[in-house]
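J.: Predicted model follows, preceded by the sequence.
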Amino acid sequence: MGDVFDVLADMDDRSVDLILTSPPFLAVRSYLPDDHPDKHLEIGQEPDPAAFVDTLLRLAAEWRRVLAPYGSLVVELGDTYTTDDAAGWPMRKSLAMVPELFRIALAYGIHPLTGAESPAGRWLVRNVVRWVRPNPPVGALGDKFRPATTDIVVACTSADRWFDLDAVRTAPRSDPTKPAMSNRKAREVDDPRILSKANGSGEWHPGGVPPLDWWEIPPGGYEGAHYAVWPPKLLVVPIQSMCPRRVCRTCGEPSRRIVHRERMADPVRHEGQKNHPAANPRSGFFDPPPTDWRYRPETVGWTDCGHDDWRRGVVLDPFAGTGTTLAVAHGHGRSAIGIDLDERNRRLAAERIGPLFFTQR
Ligand SMILES: C[S@@+](CC[C@H](N)C(=O)[O-])C[C@H]1O[C@@H](n2cnc3c(N)ncnc32)[C@H](O)[C@@H]1O
């Protein structure tokens with residue numbers, strides 16, 4: 001419990017394997033009551049986008065220090081509409097473009113609004129995942145479309161980060177020698193919500209297709225006294241793919257999956273088939289280039305440094321709120337550390353972690 005900067009300052013260098021978090025968004029909502037003694041420390045109350053990005057970059061500098069060299073940073077950020085004509089903001093009614101500013105700062109190592117060097121240095125921005133909510137609040141519309149997405153930036157500092165794509169492949173890909181799937185079938189195969197329907201078991205499928213970079217997942221599933229709670233499902237793919245299952249305490253190396261890629265038969269065009277599945281992204285072949293889809297991955301083992309001194313991978317959520325990240329991490333055999341300023345969240349997190357521990361795989 002406590003201010004994120006204070007708690008991070010006490011953490012050891014390279015002590016976590018994945019940082020997975022959703023900070024308060026700028027000027028969207030206030031979590032602590034106005035008379036709370038720590039109100040002035042609450043993030044998201046900065047006066048303008050430049051100050052908010054500055055806070056995020058100072059945080060990212062600390063995240064970089066505590067993150068293992070092979071680790072990843074995953075941050076969900078939503079944007080804000082400018083409500084008044086105020087210095088330091090875009091014109092009234094415009095988006096402030098905060099998620100874009102943050103990831104530009106990560107990639108280029110400069111604060112895009114002030115030109116200052118970023119204290120967080122340069123990162124490899126590997127993905128921007130769009131979290132699509134099928135049922136967003138209506139809000140004020142008038143002259144704009146209904147906002148239904150937030151961005152999840154995925155960044156790291158090493159070109160050889162720990163990443164286990166084979167842990168999160170979804171349904172089995174179809175045989176390229178067979179005619180293309182219908183569009184409906186193809187959508188089912190790739191839709192995490194109907195994963196169990198797609199492969200019958202509810203398991204990820206190591207020979208399946210890699211997830212796309214947009215995830216349609218409804219928010220909610222939590223009735224407690226906290227806003228902006230993550231749905232557990234949102235966290236499963238990041239944890240499975242970016243937090244190692246085990247890391248050696250002696251040499252600091254994570255164990256990596258060893259994959260044998262078996263060459264699949266060459267695709268053949270079938271009579272009456274207009275587009276070959278590999279040429280048609282809606283057909284069920286979601287992982288070009290062809291060098292990937294022609295090989296069926298098979299796990300043959302895990303790297304082992306030989307020290308026999310393993311610890312579990314560690315996920316850090318520096319804005320833990322009700323503890324969704326901690327619960328899903330534990331449920332997937334990882335250790336987890338959560339930080340939050342609001343003491344009330346400790347109880348909510350404890351309530352939440354119990355049942356989730358056993359229901360998440
Ligand atoms: C968007 S919520 C996180 C929700 C969380 N993902 C969940 O599923 O419950 C942001 C959290 O940041 C916390 N927070 C705000 N300022 C903070 C600070 N300076 N230090 C630590 N936590 C802070 C708030 O109390 C709030 O719980």
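T.: That came through fine. Numbers count the residues shown, from 1 in each chain.
J.: use CA for all of it now, contacts and neighbours both
T.: Will do.
J.: measure stretch 329-344 end to end?
T.: Stretch 329-344 has its terminal residues 21 Å apart, counting by C-alpha to C-alpha, to the nearest Å.
J.: now swap in stretch 41-56 and tell me
T.: 13 Å.
J.: What segments of the stretch 1-150 of the chain are helices?
T.: All helices of the stretch 1-150 of the chain, identified by DSSP state H, counting those that start in this stretch, fall at 4-9, 49-66, 98-108.
J.: quick one: what helix or strand has residue 305 in it?
T.: Assigning secondary structure by DSSP states H and E places residue 305 outside every helix and strand.
J.: And it, how far from residue 83?
T.: 55 Å.
J.: Tell me, domain by domain, which residues of this structure belong where.
T.: Per the record, the chain has its domains at 4-168+211-251+309-359, 171-203+257-302, by automatic domain parsing.
J.: who's in contact with the longest strand along the chain?
T.: With secondary structure taken from DSSP state E, the chain has its longest strand at strand 67-77. The contact list for strand 67-77, computed with C-alpha atoms under 8 Å, 6 or more residues apart in numbering, reads 13-23, 25, 63, 98-99, 150-158, 160-162, 238, 242-243.
J.: same thing with stretch 38-54?
T.: Residues contacting stretch 38-54 (C-alpha under 8 Å, 6+ apart): 3, 23-33, 55, 88-89, 96, 98, 101-102, 111, 113-114, 341.
J.: just how off-centre is stretch 24-35 within its chain?
T.: Put simply, stretch 24-35 sits 23 Å off its chain's centre (C-alpha atoms, centre = their mean, to the nearest Å).
J.: on that earlier part again, and the domains of the chain: which comes nearest the ligand?
T.: Proximity to the ligand, assessed across the domains of the chain by C-alpha to the nearest ligand atom, is greatest for domain 4-168+211-251+309-359 (3.5 Å).
J.: Quick check: mean pLDDT of that closest one?
T.: Throughout domain 4-168+211-251+309-359, pLDDT has a mean value of 91.
J.: Wondering if it reaches the ligand at all.
T.: Yes: Domain 4-168+211-251+309-359 lies within reach of the ligand by C-alpha under 6 Å from any ligand atom, at 4, 22-24, 31, 41-43, 228-230, 319-324, 339-342.
J.: Return a PyMOL selection command for the buried portion of those.
T.: Applying 16 or more other C-alpha atoms under 10 Å to these leaves a buried subset, and the PyMOL line that selects it is:
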select buried, resi 4+22+23+24+31+41+42+43+229+230+319+320+321+322+323+324+339+340+341+342
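J.: Residue 235 looks like it's in a helix, true?
T.: Yes: Residue 235: assigned to a helix according to DSSP: H, G, I helix; E, B strand; the rest coil.
J.: That one contacts residue 323, doesn't it?
T.: No: with contact defined as C-alpha atoms under 8 Å, residue 235 does not count as touching residue 323 (11.6 Å).
J.: Give me whichever of the domains of the chain is most buried.
T.: With neighbours taken as mean count of other C-alpha atoms under 10 Å, these reach their highest mean count in domain 4-168+211-251+309-359, at a mean of 18.
J.: next one: that domain to chain centre, how far?
T.: Using C-alpha atoms, centre = their mean, the offset of domain 4-168+211-251+309-359 from its chain centre is 8 Å.
J.: List the contacts of residue 156.
T.: Residues near residue 156 by C-alpha under 8 Å, 6+ apart: 70, 71, 72, 73, 123, 124, 125, 126.
J.: Repeat that for residue 139.
T.: residue 146 are the contacts of residue 139 under C-alpha under 8 Å, 6+ apart.
J.: Also residue 312?
T.: Contacts of residue 312 (C-alpha under 8 Å, 6+ apart): 244, 245, 246, 247, 333, 334, 335.
J.: where does the residue lying closest to the last one once chain neighbours are set aside fall, phi/psi-wise?
T.: The reference is to residue 335. Excluding the flanking residues, the one nearest residue 335 by C-alpha to C-alpha, 6 or more residues apart in numbering is residue 314, at 4.7 Å. When read as degrees, to the nearest 10, the backbone of residue 314 gives phi -120, psi 130.
J.: ok, now which ones touch residue 314?
T.: Counting by C-alpha under 8 Å, 6+ apart, residue 314 has contacts 15, 16, 17, 18, 243, 334, 335, 336, 337.
J.: One more: residue 24?
T.: 43, 44, 319.
J.: again, only this time at 6 Å
T.: residue 44 (C-alpha atoms under 6 Å, 6 or more residues apart in numbering).
J.: distance of it from residue 30?
T.: Using C-alpha to C-alpha, residue 24 is found at 8 Å from residue 30.
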